[in-house]
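> below are the sequence and a predicted model for it; my questions follow.
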Amino acid sequence: MKKLAFGLLIVAAISACKSNSDKKYLPIYGSKQAVTKTVDGKNVTDTIYQTIPNFKFVNQYGDTVTKKNLDGDIYIADFFFTTCPSICPIMARNMLKVYNTFKSTGDFKIISHTIDPKHDSVPVLKKYADKLGVTGSTWWFLQGKKEDTYSLAENNYLVLVKKDNSAAGGYIHAGYFVLVDKQKRVRGAYNGTDPKEVDQLIEDIKTLQTEPDEMIAQ
Amino acid sequence: MKYKVAGLISLLAVLISIVSCESEADLDFKRYYSEGSEVYQTHCQNCHGAKGDGLSALIPPLTDSLYLKNNQSNLACYLRSGLTGTITIHGKTFDDKMPAADLAPMEMAQVLTYINNSFGNKLGVITIDRVNADLKSCK
């Protein structure tokens, strides 16, 4: 009898543990590195996650935007061009939903990179934003050197979707919305043409917003 | 009395033929409409939306019955060659380019019939004959 009670106690303890760790946590993507350093004479191992490197683009207002301008923000990155007739209107329609959900929360941004900088000049992007009904500084349309945009997309934002994508024109045209946390780590990628995935993205942004701010160990 | 019966019968016959005629036209309409729905999903929905609601000020909605009514004979031409310039839909102007849709005349008739009778529009059938005639007089 005592044994049974003890067993029950253990089961209870385990299940309590389990429900504790059930709190939703979004995975962190990209390469990681274990770094061991000595703190107060003890060896401490820390994991350093891949973060988005610095970049320099221009937004629809003609202002320079670098990584610093996203400090303290959860943000979504995507890739498009204004004259794209196929999936971009669907992406824009879905992104508008995300924009309208979070535009007044203050710690949130969307950056849409044009992959056709030759056509999509600053005035073209401004007109596009205006027509879409986007105002203020929650949603930036970014223009820059094509190779910079592609490099960021391929090496950083789209690391998750790189492997299994055979979409025409490559995965950069595949319409992904990439979710990045305040520490500039990729936390998810969602098919921007699928309303269900976009709803999931909205939920995941809410989850991220409840995450305590950590210091970046860099 | 005989005449009356005969009259009644012929009246009935006329009525029946009218009704069956209508139902044949009805059937035609249904065929056009359901095929048109498929064409719409494949070629139009990305931009104009599942409910024909367009996209902000970028892509016009397909819910302006008056515009559609006034442009019935131009619609096939818009599909074939695309549409540039400024148009006014529900009192708002749209000036972005609509690309041409690569559609056969029959598909045009189907999708136009679908649009004519969806999203709150009630504008009837656009037949393949109508489309062929309209395409001849495109500007």
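Looks like it arrived, so ask away.
> contacts and neighbour counts: CA atoms only from here.
Noted.
> burial measure for residue 128, as a count.
In the absence of a named chain, chain A is used. Other residues within reach of A:Tyr128, judged by other CA atoms under 10 Å in any protein chain shown, total 19.
> try again with chain B
Taking other CA under 10 Å as the criterion, the count of residues near B:Ile128 is 17.
> sec struct for B:Cys77, please.
helix (DSSP: H, G, I helix; E, B strand; the rest coil).
> do you know how far it is from B:Ala101?
Computed with CA to CA, to the nearest Å, the distance linking B:Cys77 and B:Ala101 is 10 Å.
> now swap in A:Pro195 and tell me
Noted for A:Pro195: a distance of 25 Å to B:Ala101, by CA to CA.
> now the element after the worst-scoring helix or strand of chain A on mean pLDDT, going C-ward?
The helix or strand of chain A with the poorest confidence is helix A:2-21; it has a mean of 52 (mean pLDDT, DSSP states H and E). Taking DSSP states H and E as the definition, the helix or strand that follows helix A:2-21 towards the C-terminus is strand A:32-39.
> note down every partner strand of that next one and its orientation.
Sheet pairing here is set by DSSP bridges, and for strand A:32-39 it gives strand A:42-49 (antiparallel).
> and A:Phe102, how many neighbours?
Applying other CA under 10 Å, we find 18 residues neighbouring A:Phe102.
> doesn't B:Ile9 fall inside a helix?
Yes - with three-state DSSP as the criterion, B:Ile9 is part of a helix.
> now do it, the pLDDT please.
Per-residue confidence (pLDDT) for B:Ile9: 78.
> go on, the one 3 residues further on?
We note a pLDDT of 76 for B:Leu12 in this prediction.
> contact residues of chain A facing chain B?
Residues of chain A lying close to chain B by CA under 8 Å from any CA of the partner chain are A:Pro85, A:Ser86, A:Ile87, A:Pro89, A:Ile90, A:Arg93, A:Tyr128, A:Lys131, A:Leu132, A:Gly133.
> could I get the residues you listed as CSV with pLDDT, distance to B:Leu135 and secondary structure?
Below are the residues of chain A next to chain B laid out as CSV (pLDDT from 0 to 100; distance: CA to CA, whole Å; DSSP: H, G, I helix; E, B strand; the rest coil):
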residue, pLDDT, distance to B:Leu135, secondary structure
A:Pro85, 74, 24, coil
A:Ser86, 76, 25, coil
A:Ile87, 83, 29, coil
A:Pro89, 91, 28, helix
A:Ile90, 92, 30, helix
A:Arg93, 95, 32, helix
A:Tyr128, 96, 32, helix
A:Lys131, 96, 32, helix
A:Leu132, 96, 33, helix
A:Gly133, 96, 36, coil
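> let's see if you can find the most crowded of those residues.
Counting by other CA under 10 Å, top hit in the residues of chain A next to chain B: A:Pro89 with 24 neighbours.
> test my guess that that residue contacts B:Leu55.
Yes - taking contacts as CA atoms under 8 Å, A:Pro89 lies within contact range of B:Leu55: 7.3 Å.
> anything in contact with each of these two?
Contact criterion CA atoms under 8 Å, 6 or more residues apart in numbering or on different chains; residues bridging A:Pro89 and B:Leu55 by contacting each: B:Cys47.
> more neighbours, B:Cys77 and B:Ala101?
Between B:Cys77 and B:Ala101, counted using other CA under 10 Å, the more crowded position is B:Cys77 (20 against 15).
> what about the residue nearest to the spatial centre of chain A, which SS state?
Most central residue of chain A, judged by C-alpha distance to the mean C-alpha position with CA atoms, centre = their mean, is A:Leu179 at 1.6 Å. Secondary structure state of A:Leu179, per three-state DSSP, is strand.
> need the contact list for it.
A:Ile74, A:Tyr75, A:Ile76, A:Ala77, A:Val186, A:Arg187, A:Gly188, A:Ala189, A:Leu201, A:Ile205.
> please name the nearest non-neighbouring residue to the closest residue to chain B within chain A.
Closest to chain B within chain A is A:Lys131: 4.6 Å, counting by CA to the nearest CA. Spatially, and ignoring its direct neighbours in sequence, A:Lys131 is nearest to B:Ala57 (4.6 Å; CA to CA, 6 or more residues apart in numbering or on different chains).
> measure that neighbour to B:Ser73 for me?
Taking CA to CA as the measure, B:Ala57 falls 25 Å from B:Ser73.
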